[in-house]
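Enquirer: Here is my input; please provide its structure:
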Amino acid sequence: MAFKPKKTKKKVATTYKSIYIREELVKQIEKIAKDNKTSFNNVVISMIEECLKK
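Expert: Residues are numbered from 1 along each chain as shown. Okay, the predicted model is just below:
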């Protein structure tokens with residue numbers, strides 16, 4: 001089953017962080033974003049939220 005990012009949420013308080021990501025992962029995330037007509041950031045946040053669910 002392919003990963004599906006969440007719909008873009010309403011704006012909430014955020015903070016800025018820099019991370020280093022392997023180029024291959026960036027390409028995979030960019031493809032998911034393009035296929036789902038969403039942003040790179042939304043895909044990454046969706047993945048983090050999914051992984052942190054209790």
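Enquirer: what's the helix or strand of the chain with the lowest mean pLDDT packed up against?
Expert: Here the helix or strand of the chain ranked lowest by mean pLDDT, DSSP states H and E is helix 40-52, holding a mean of 93. The contact analysis (3 or more Cβ pairs under 8 Å, 6 or more residues apart in numbering; DSSP states H and E) places helix 40-52 against helix 23-35. Every C-beta, even on glycine, is put in place using the N, C-alpha and C of the backbone.
Enquirer: and the angle for the helix it packs on with helix 40-52?
Expert: 100 degrees (axes from the mean of the first three to the mean of the last three Cα atoms, to 10 degrees).
Enquirer: buried stuff in helix 23-35?
Expert: Using 16 or more other Cβ atoms under 10 Å as the test for burial, helix 23-35 gives 29, 32-33.
Enquirer: which element is Lys10 on?
Expert: Here Lys10 sits in a region with no helix or strand, counting by DSSP states H and E.
Enquirer: On the pLDDT front, check it for me.
Expert: What the model reports for Lys10 is a pLDDT of 73.
Enquirer: same deal with Lys54?
Expert: 71.
Enquirer: what's the answer for Pro5, then?
Expert: 77.
Enquirer: since we're on it, how many residues are nearby?
Expert: Residue crowding around Pro5 was assessed by other Cβ atoms under 10 Å; the count is 23.
Enquirer: For it, which residues are in contact?
Expert: Residues near Pro5 by Cβ atoms under 8 Å, 6 or more residues apart in numbering: 32-33, 36, 38, 42-43, 46-47.
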